[in-house]
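# Fold the following.
(one chain, ligands or ions: 1)
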Amino acid sequence: MPGAYVALEGGHVVEARGRSPGTACGELVFTTAYTGYEESLTDPSYEEQVLTFSYPLIGNYGVREERFESDRVHPRAVVARELTEDVAEWLEAEGVPAVDHLDTRDLVGGIREQGAMKCGIAVGENATPEDALAELERCPGMSDHDDIGEQVSVSEHEIHPGDGDETDTTVALIDCGAKGSIIDSLVERGADVHVLPHDATAADVEGVDADVLFVSNGPGDPANFEAAQKLVETFVGELPLAGICLGQQIIARALGGTTEKMDFGHRGVNQPVRDLESGQVVMTTQNHGYTVADPGDLEVTQINVNDDTPEGLESDDLDILTRQYHPEANPGPNDTLGFFDDVLSMAPRRRLVAAD
Ligand SMILES: NC(=O)CC[C@H](N)C(=O)O
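Down below sits the predicted model:
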């Protein structure tokens, strides 16, 4: 596979070693996570992005399906300093182009200085720098993917019954590209989880008799999830609301807030977050390129220690609880798993049982 090229916005082309053939384009982003490559590569939030690993060796403990967060690889292409044979074979089987043996430090430095950028990739026997540039040329901007929810969401209602005999909570989870661990974290706590498509209607939510409306993580610009935002607007004050990452952004927008694109985002497993009430700092897993700029009617209760961006939003009056980071971890630390207990404690039926 002699030809392997990465064309960067501005026209600079970097030569690499081809590990999985094909052509692709996407938004070039990096994660600093040093483990959890299977979880990251199957996280639907990476749809339409090209994922660069800043940790130099990726694949050193193999590839196991039980660690996947969804049923396929989501980044359009993968870049690393060194990919093991296992990972290269997996990506080739999935039809996802991959390159290594390039200076990822330089690449990451460039993204930090210039921000996340478009890139084009061409890998194969006859691939040329011009092929990579042609990919770059045809690459849409992240916000132009207005059908991105369709690419990652379930198309039909799915039910995941809660663990244990008696369930006292039903969660309607709006699937904007949900990681499997979010569903598992709720099911493990006994909740029945009804996964609904990203464009579910109010009647769909009413049909499952939900105690909590939960908006999942997901890819792209939160402005492109109009249906989910409308659902939140419909149920605010009627049902407790919870959200993770894209879910936080959608809920903030529905409550009169705004979101904006960050320069290069937060992606990694050691992002420090401070709780403003307790002062406690916890380590979190993150993967986002947008942030809440104005929280609207919500209160900011947690912030990122590095740049003060909002990490937790709440409203006691309206029963709303959201996180910008990923409490479900996978990959990353389990410090914030208690979020799921806090979300379920907002459910009216749980409150009744707890009061008995
Ligand atoms: N993990 C996520 O939900 C990401 C949210 C959104 N796509 C962002 O990049 O900010």
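# Just confirm Gly247 contacts Thr322, I think it does.
Yes. Gly247 is within contact range of Thr322, at 6.3 Å (criterion: Cβ atoms under 8 Å). Using the backbone N, CA and C atoms, a C-beta is placed for each residue, glycine as well.
# Just want the most central residue of this structure.
The residue lying closest to the centre of the chain (Cα atoms, centre = their mean) is Ser45, at 3.3 Å.
# all helices of the stretch 1-150 of the chain, in order?
37-41, 85-94, 104-114, 129-137, 148-152 (DSSP state H, counting those that start in this stretch).
# Nearest to Asp209, out of the ones you listed?
helix 148-152 (24.2 Å; Cβ to Cβ).
# Output the contacting helices and strands for the longest strand anywhere in the chain.
In the chain, with assignment by DSSP state E, the single longest strand is strand 258-275. On a contact count with 3 or more Cβ pairs under 8 Å, 6 or more residues apart in numbering; DSSP states H and E, strand 258-275 meets strand 22-31, helix 104-114, helix 246-254, strand 281-294, strand 299-304, strand 310-315.
# wait, the residue nearest to the centre of the chain sits on Ile244?
No. The criterion here is Cβ under 8 Å, and Ser45 misses it with Ile244 at 10.0 Å.
# anything in contact with each of the two?
Asn217 (Cβ atoms under 8 Å, 6 or more residues apart in numbering).
# For Gly11, give me phi and psi.
Here is the backbone geometry of Gly11 (degrees, to the nearest 10): phi 100, psi 0.
# what about the nearest residue to Met142 once chain neighbours are set aside, distance to Leu241?
In space, and not counting its chain neighbours, Met142 is closest to Glu27: 5.2 Å by Cβ to Cβ, 6 or more residues apart in numbering. Between Glu27 and Leu241 the computed distance is 29 Å (Cβ to Cβ, to the nearest Å).
# likewise Phe264?
Counting by Cβ to Cβ, the gap from Phe264 to Leu241 is 29 Å.
# neighbour-wise, which of these two wins?
Leu241 (28 against 19; other Cβ atoms under 10 Å).
# for the helices of the stretch 1-150 of the chain, which one sits closest to the ligand?
helix 148-152 (8.5 Å; Cβ to the nearest ligand atom).
# Buried residues in stretch 27-41, which are they?
Across stretch 27-41, burial judged by 16 or more other Cβ atoms under 10 Å covers 27-31, 33-34, 36-41.
# Now do the end-to-end distance for it.
For stretch 27-41, the first and last residues are 15 Å from each other (Cα to Cα, to the nearest Å).
# just for the stretch 251-356 of the chain, where's the confidence low?
By pLDDT under 70, the low-scoring segments of the stretch 251-356 of the chain are 349-356.
# Quick check: residues of it near the ligand?
Within reach of the ligand by Cβ under 6 Å from any ligand atom, the stretch 251-356 of the chain has these residues: 287-290.
# how about a cut-off of 8 Å?
259, 262, 265, 286-291, 326 (Cβ under 8 Å from any ligand atom).
# Close to the ligand: what parts of the stretch 1-150 of the chain are there?
Counting by Cβ under 8 Å from any ligand atom, the residues of the stretch 1-150 of the chain near the ligand are 43, 45, 142.
# switch to 6 Å and redo it
Checking the stretch 1-150 of the chain against the ligand by Cβ under 6 Å from any ligand atom, the hits are Ser45.
# Quick check: the residue of the stretch 1-150 of the chain nearest the ligand.
Ser45 (3.3 Å).
# Alpha carbons of the longest strand of the chain, as CSV, please.
C-alpha atoms of strand 258-275 as CSV (Å, rounded to 0.1, in the frame of the first residue of the first chain):
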residue,chain,number,x,y,z
THR,A,258,-26.9,29.3,22.6
THR,A,259,-24.0,27.0,21.5
GLU,A,260,-20.8,27.8,19.7
LYS,A,261,-17.9,26.0,18.0
MET,A,262,-14.7,25.7,20.1
ASP,A,263,-11.3,26.1,18.5
PHE,A,264,-10.2,22.5,18.8
GLY,A,265,-12.6,21.1,21.4
HIS,A,266,-12.0,18.7,24.3
ARG,A,267,-11.2,15.1,23.6
GLY,A,268,-9.5,12.8,26.1
VAL,A,269,-9.9,11.0,29.4
ASN,A,270,-8.3,13.5,31.8
GLN,A,271,-10.3,16.7,31.5
PRO,A,272,-10.6,18.3,35.0
VAL,A,273,-14.1,19.5,36.0
ARG,A,274,-14.9,21.6,39.1
ASP,A,275,-18.2,21.5,40.9
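# Relative to Lys261, how far out is the residue nearest to Gln249 when sequence neighbours are not counted?
Leaving out its chain neighbours, the residue that sits closest to Gln249 by Cβ to Cβ, 6+ apart is Pro222, at 3.7 Å. Using Cβ to Cβ, Pro222 is found at 10 Å from Lys261.
# Could you chop this structure up by domain?
Split into domains by automatic domain parsing, the chain comes to 3-140, 148-355.
# Ser185 falls within a helix, correct?
Yes. Counting by DSSP: H, G, I helix; E, B strand; the rest coil, Ser185 is part of a helix.
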